[in-house]
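[1] Task: produce atomic coordinates for the following.
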Amino acid sequence: QVQLVESGGGLVQAGGSLRLSCAASGRTFSTYAMGWFRQAPGKEREFVAAISWSAGSTLYADSVKGRLTITRDNAKNTVYLQMNSLKPEDTAVYYCAARPGLGISSSGYIYWGQGTQVTVSS
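    So this is what the prediction gives:
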């Protein structure tokens, strides 16, 4: 069992930066791939980024490549999403999630956090 708690969301102007954190409980955190998803009002949840258990591999949605960076610290049971050059279209609730292997499909993720709101003003 893994419990996930996101933090770091907030209101930022376009072009600004935020760093989201996702703290995990449970001894098995380091065995899971971790992902970030987001859901904007009236839209479906979409994949943002993912990182393998060893941090050796990462995946990104095309819309965030070069602007968002996913990292993890297994010693701290935490995964991060550094968000730079933010755009109004990045406004959404951001969720972290865990799955046994690296992937982009939300259906493969078995543990989910409650989400943190990110709002980017123009």
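
[2] if I look at residue 18, how far off is residue 34?
    Going from residue 18 to residue 34 by Cβ to Cβ, to the nearest Å gives 18 Å. For the C-beta atoms, the positions are set from N, CA and C on the backbone; glycine is no exception.

[3] between those two, which one's more packed in?
    When neighbours are counted by other Cβ atoms under 10 Å, residue 18 and residue 34 differ, and residue 34 comes out ahead with 29 against 21.

[4] Of all residues in the protein, which one is nearest the centre?
    Nearest to the mean C-alpha position of the chain, by Cα atoms, centre = their mean, lies residue 36 at 2.5 Å.

[5] tell me the strands in this protein, going along the chain?
    Assigned by DSSP state E, the strands in the chain fall at 3-7, 10-13, 18-25, 33-39, 46-51, 58-60, 68-73, 78-83, 92-99, 111-112, 116-121.

[6] Run through the bridge partners of residue 80.
    Counting by DSSP bridges, residue 80 is bridged to residue 21, residue 71.

[7] show me the contacts for it.
    19, 20, 21, 22, 70, 71, 72, 73 (Cβ atoms under 8 Å, 6 or more residues apart in numbering).

[8] If we use 7 Å, what do you get?
    Applying Cβ atoms under 7 Å, 6 or more residues apart in numbering, we find residue 80 in contact with 19, 20, 21, 70, 71, 72.

[9] and if you look at residue 1?
    So residue 1 contacts residue 26 (Cβ under 7 Å, 6+ apart).

[10] Need the pLDDT of it.
    pLDDT, residue 1: 83.

[11] same check, this time on residue 26
    For residue 26, pLDDT reads 80.

[12] I'd like the distance between the closest residue to it other than its chain neighbours and residue 46.
    Counting by Cβ to Cβ, 6 or more residues apart in numbering, residue 2 is the residue found nearest to residue 26 once chain neighbours are left out, at 4.4 Å. Counting by Cβ to Cβ, the separation of residue 2 from residue 46 is 22 Å.
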